[in-house]
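# Just a sequence and a predicted model for now, questions to come.
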Amino acid sequence: MEAYTADDREILYNKVQETLKKARSNPMTIAKQKKSAVEVAYLEELEIEKFSKKLNDYKQLPLQAKSLDILQINLGYLCNQVCNHCHVNAGPARKELMSVETMKDCLKALDLGGFSSVDLTGGAPEIHPDFKWFVEQLSERNVKIIVRSNLTILTFSEEYHYLPAFFKEHQVEVIASMPCYTLENVDKQRGEGVFDASIEGLQILNSVGYGIEKGLNLHLVYNPGGPSLPGSQEGLERDYKRMLKENFSIDFNNLYTITNMPISRFLNDLKSKNKVEDYMNLLVDNFNLAAVENVMCRDTISVRWDGVIFDCDFNQMLHLPVIDKEYQHIKDFSKKDLENRNILLKNHCYGCTAGAGSSCQGAIS
Ligand code: SF4
Ligand code: SF4
């Protein structure tokens, strides 16, 4: 694989700067921020026991981080899909992309932070014009590189056909969304044609050894199609393995079950069906104290495309940065302060502690 030259990077850097300028004045971005504040207030005003009170009753407050293990980096909200339940509200019209300067700040934080993994997300992170360069920089470091792929990007257009071999070369772990093993359910949630393109993407990844060879990990992510909790992770994994193998000769490593968070598009969907209170009550009634120990904010920080740091991806979508203003940006990264920080909790956090619990790595208890 050819690395980007300094000239290539200069051109891309300028391109991204132009995009960023547009994104900062993009009415959609500004409207989205206002909408997120409304979402937080809306969830806080529901007649349910506040999440922070619940934790206080169990003597869990303040909830503190335990370590800095995973640096999750959101490269931008641009995506080739527009899924019904997307908590990022991503899509082709989004313009936010991380600048090369901020990527370099992330690399510095990685060198200082002692993280074991970098988790690249989006949107579709592979769409970012500096994705290849960034992964090359990461692979020079002793960290596990995770890419959250929607699979359809692998066959979306010719310029992304390099990805499976590139992932293999850099031993990238691929975590791919696959909310069901049937066409009907996947297309309903993620858009027409997504199932077939996802199957093709998985077969291509298998063809280079993903899900088969040691060190080439391919994990799938399941989330429920509606306002219910995920079933047993082990049971679903067995079903997925059998169905995908029998019908499409597909192999993968693990299935992660993730609870739908009551924010963004999923919250809108609940509102339109008048089901917000039912869903929140379901999450509250299934509160699981054991899951609190392992909620992902305790060993992860999430960096937004513009460098702002959040306790997790969900707080990022709600524009709730880490509490202390002195280290709210990745350029001001402070391992000492961030690894012991108090976490900002709101009622959407019930989504992480219901049933078997939920994180970007699946069930947590
Ligand atoms: S593929 Fe992922 S990021 Fe893109 S719209 Fe769907 S859920 Fe959102
Ligand atoms: S939503 Fe974020 S801050 Fe809240 S418990 Fe889950 S991971 Fe932690």
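Great, that's in hand. Ligands and ions are numbered 1, 2, ... in the order given.
# So which bits of the stretch 251-365 of the chain are right by ligand 2?
295-297, 311-312, 314-315, 343, 345, 348-349, 352 (C-beta under 6 Å from any ligand atom). The way it works is simple: take the backbone N, C-alpha and C, and place the C-beta from them, glycine included.
# when you check these against the helices, which ones overlap?
Among those, DSSP state H puts 314-315, 352 in helices.
# Rebuild those as CSV, extending it with neighbour count and pLDDT.
Listed next are these as CSV, based on neighbours: other C-beta atoms under 10 Å; pLDDT from 0 to 100:
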residue, neighbour count, pLDDT
Phe314, 24, 94
Asn315, 25, 96
Cys352, 25, 97
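# Among those, which one sits closest to ligand 1?
Phe314 (13.3 Å; C-beta to the nearest ligand atom).
# Could you find the closest non-adjacent residue to Lys188?
Excluding the flanking residues, the one nearest Lys188 by C-beta to C-beta, 6 or more residues apart in numbering is Gly225, at 6.8 Å.
# So that neighbour is in contact with Val186, correct?
No. Applying C-beta atoms under 8 Å as the test, Gly225 and Val186 come out as separate, 9.2 Å apart.
# what is in contact with those two at once?
The contact sets of Gly225 and Val186 overlap at 179-180 (C-beta atoms under 8 Å, 6 or more residues apart in numbering).
# and those two? which has more neighbours close in?
Val186 (23 against 16; other C-beta atoms under 10 Å).
# Next one: the residue nearest to the more buried one when sequence neighbours are not counted from ligand 1, what distance?
Nearest non-adjacent residue to Val186, counting by C-beta to C-beta, 6+ apart: Phe195, 3.9 Å away. Distance of Phe195 to ligand 1, given as C-beta to the nearest ligand atom, to the nearest Å: 13 Å.
# now Ala37
21 Å.
# Equivalent analysis for Tyr222, please.
13 Å.
# What residues are bridge-paired with that residue?
Assessed by DSSP bridges, Tyr222 has beta-bridge partners Thr257.
# Contacts only, for it.
Going by C-beta under 8 Å, 6+ apart, Tyr222 touches 178-180, 230, 236, 240, 255-258.
# can you pull the pLDDT of it?
pLDDT, Tyr222: 94.
# do you know how far the residue nearest to the spatial centre of the chain is from Gly193?
Residue closest to the mean C-alpha point of the chain, counted by C-alpha atoms, centre = their mean, is Thr121 at 5.1 Å. From Thr121 across to Gly193, the span is 23 Å (C-beta to C-beta, to the nearest Å).
# Find the nearest non-adjacent residue to the residue nearest to the centre of the chain, please.
Counting by C-beta to C-beta, 6+ apart, the residue nearest Thr121 is Arg148, at 4.4 Å.
# and if you look at Asp239?
Tyr181 (7.2 Å).
# Can you tell me the SS state at the one you found?
What DSSP: H, G, I helix; E, B strand; the rest coil gives for Tyr181 is coil.
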